[in-house]
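**Q** coordinates for the following, if possible.
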Amino acid sequence: MIAKDWIRTKSNQEKNIMIQRAQTARIIIICSYCIMGIQCIFVAVLPIFGRTMRLTPNITDPGKPMLLQSHYIYDITERPQYELTLISQAIYVVIGMMAYTGIDNFLGLLIFHICGQLDILKNRLECLDKYINYYKVLKCCIAKHIRLLRFVM
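**A** Residues are numbered from 1 along each chain as shown. Now for the predicted structure:
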C-alpha cells in the first residue's frame with residue numbers, strides 16, 4: 001500500500017505532505033536506532049571490560065560478569081568458554097534489540113504514512129466545492145477512506 005501511494009499521481013501539495021510525514025518518521029527511526037546503539041554499548045561492551053550495569057548479583061553469577069544471568073550447563077569460568085559465551089550473548093542481545101526496535105519503527109512508519117494519507121484526504125474534502133465533478137471526487141474520497149480503514153484494521 002505504501003509503495004502504491006508513492007507511485008500514484010499526486011499534486012505538489014500532496015507530495016509535500018507525504019515527504020514531510022516520511023521525514024518525521026525517518027528522524028524518529030534514526031533516534032531510536034541511536035538509543036539502541038547506546039544501549040548496546042552499556043549492555044554488551046561494558047561487561048567485556050569488567051563493568052556491568054546490573055545492580056544486584058544473584059547466585060548464578062560465576063564471578064565474572066556476564067550479559068545475561070542464567071544457569072549454564074558448562075563451566076564458564078574457564079578461559080575459552082567465558083569469552084565464547086560472552087560474545088554469543090552480545091550477538092544475541094544486538095539481534096534481539098534490532099528485531100524489537102525494527103518492529104516498533106515499522107509500525108511507527110505505518111502510522112505516519114496513514115496520518116499523511118488522512119491529511120491528503122482532509123485537504124481534498126476541504127477543497128471539494130472547487131471541483132467541477134463533485135460527485136466523482138467525493139466517490140474517490142470515500143473509496144480512499146475505506147481503503148485506509150481496511151489497512152488500519
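**Q** so what does the helix ranked longest in the chain touch, helix or strand wise?
**A** Identified as the longest helix of the chain according to DSSP state H is helix 79-126. Applying 3 or more C-beta pairs under 8 Å, 6 or more residues apart in numbering; DSSP states H and E, one finds that helix 79-126 contacts helix 2-7, helix 12-40, helix 134-152. To be clear about C-beta, it is placed using only N, CA and C from the backbone, and glycine gets the same treatment.
**Q** tell me which of those is the most buried.
**A** Of all the helices and strands packed on helix 79-126, helix 12-40 carries the top mean neighbour count, a mean of 14, counting by mean count of other C-beta atoms under 10 Å.
**Q** which strands and helices lie in contact with that one?
**A** When contacts are defined as 3+ C-beta pairs under 8 Å, 6+ apart, helix 12-40 sits against helix 79-126.
**Q** lowest average pLDDT across the helices and strands packed on helix 79-126?
**A** For the helices and strands packed on helix 79-126, the weakest mean pLDDT is recorded on helix 2-7, namely a mean of 82.
**Q** CA atoms only: put that helix into CSV for me.
**A** Taking C-alpha atoms only, helix 2-7 is exported to CSV below (Å, rounded to 0.1, in the frame of the first residue of the first chain):
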residue,chain,number,x,y,z
ILE,A,2,2.8,2.4,0.8
ALA,A,3,4.6,1.9,-2.5
LYS,A,4,1.3,2.3,-4.4
ASP,A,5,0.6,5.6,-2.6
TRP,A,6,4.0,6.9,-3.6
ILE,A,7,3.7,5.8,-7.2
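**Q** neighbouring contacts of that helix?
**A** With contacts defined as C-beta atoms under 8 Å, 6 or more residues apart in numbering, helix 2-7 is touched by 18, 109-110, 113, 117.
**Q** among those residues, name the buried ones.
**A** Among the contacts of helix 2-7, the ones that count as buried by 16 or more other C-beta atoms under 10 Å are 18, 109, 113, 117.
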